[in-house]
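Trainee: predicted model, plus sequence, below.
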Amino acid sequence: QVQLVESGGGLVEAGVSLRLSCVRSGRTLSRYIRGWFRQAPGKEREFVAAISRSGGMTYYADSVKGRFTISRDNARNTVYLQMNSLKPEDTAVYYCAASPLGWSDSTYVVGEYNYWGQGTQVTVSS
């Protein structure tokens, strides 16, 4: 059984940084694409960022490009999301996820991911 556990969320002011972590327990996910998604109240879950198995490829939503950085440490079974210059519109529950599928034009699709964490709340005040 695989469990993903996010941490690092909180209440911050606009402009500051946060780093989210997602630790995996159970079966290794080193061969899985890893992603971060977020869901704001009343909205659908949306893609934030993804990273390939080796970490050599990354992909970002336009809304976070240049501000957020995804990385992974397979030896520590951990994926990170460094979030800089946070904005109030970044407020959401952030979820990490894992996909067994190959890197493709659909890597941003929620349905490509079959393992999910429970989420961590990020609230950015103006």
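Mentor: Great, that's in hand. Source: prediction; values computed, not measured.
Trainee: now the residue most central in space within the chain: closest residue in space that isn't a chain neighbour?
Mentor: The centre of the chain sits closest to residue 36, judged by Cα atoms, centre = their mean, with a distance of 1.9 Å. Excluding the flanking residues, the one nearest residue 36 by Cβ to Cβ, 6 or more residues apart in numbering is residue 48, at 4.3 Å. Placement of C-beta: from N, CA and C, glycine included.
Trainee: ok so residue 89 is a strand residue?
Mentor: No: secondary structure of residue 89 (DSSP: H, G, I helix; E, B strand; the rest coil): helix, not part of a strand.
Trainee: tell me which helix or strand the residue nearest to the centre of the chain sits in.
Mentor: Applying DSSP states H and E as the criterion places residue 36 in strand 33-39.
Trainee: and that strand, what does it pack against?
Mentor: Other helices and strands packing on strand 33-39, by 3 or more Cβ pairs under 8 Å, 6 or more residues apart in numbering; DSSP states H and E, are strand 18-25, strand 46-51, strand 68-73, strand 78-83, strand 92-99.
Trainee: got the ones you listed as TSV, with mean pLDDT, mean neighbour count and distance to residue 118 columns?
Mentor: As requested, the helices and strands packed on strand 33-39 are exported to TSV (pLDDT from 0 to 100; neighbours: other Cβ atoms under 10 Å; distance: least, Cβ to Cβ, whole Å):
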stretch	mean pLDDT	mean neighbour count	distance to residue 118
strand 18-25	95	18	10
strand 46-51	98	22	16
strand 68-73	96	18	19
strand 78-83	97	22	15
strand 92-99	97	23	8
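Trainee: okay if I get those strands as JSON lines plus distance to residue 121?
Mentor: Below are the helices and strands packed on strand 33-39 laid out as JSON lines (distance: least, Cβ to Cβ, whole Å):
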{"stretch": "strand 18-25", "distance to residue 121": "11"}
{"stretch": "strand 46-51", "distance to residue 121": "14"}
{"stretch": "strand 68-73", "distance to residue 121": "17"}
{"stretch": "strand 78-83", "distance to residue 121": "13"}
{"stretch": "strand 92-99", "distance to residue 121": "5"}
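Trainee: looking at the ones you listed, which is nearest to residue 114?
Mentor: Nearest of the helices and strands packed on strand 33-39 to residue 114, taken as Cβ to Cβ: strand 92-99 at 6.8 Å.
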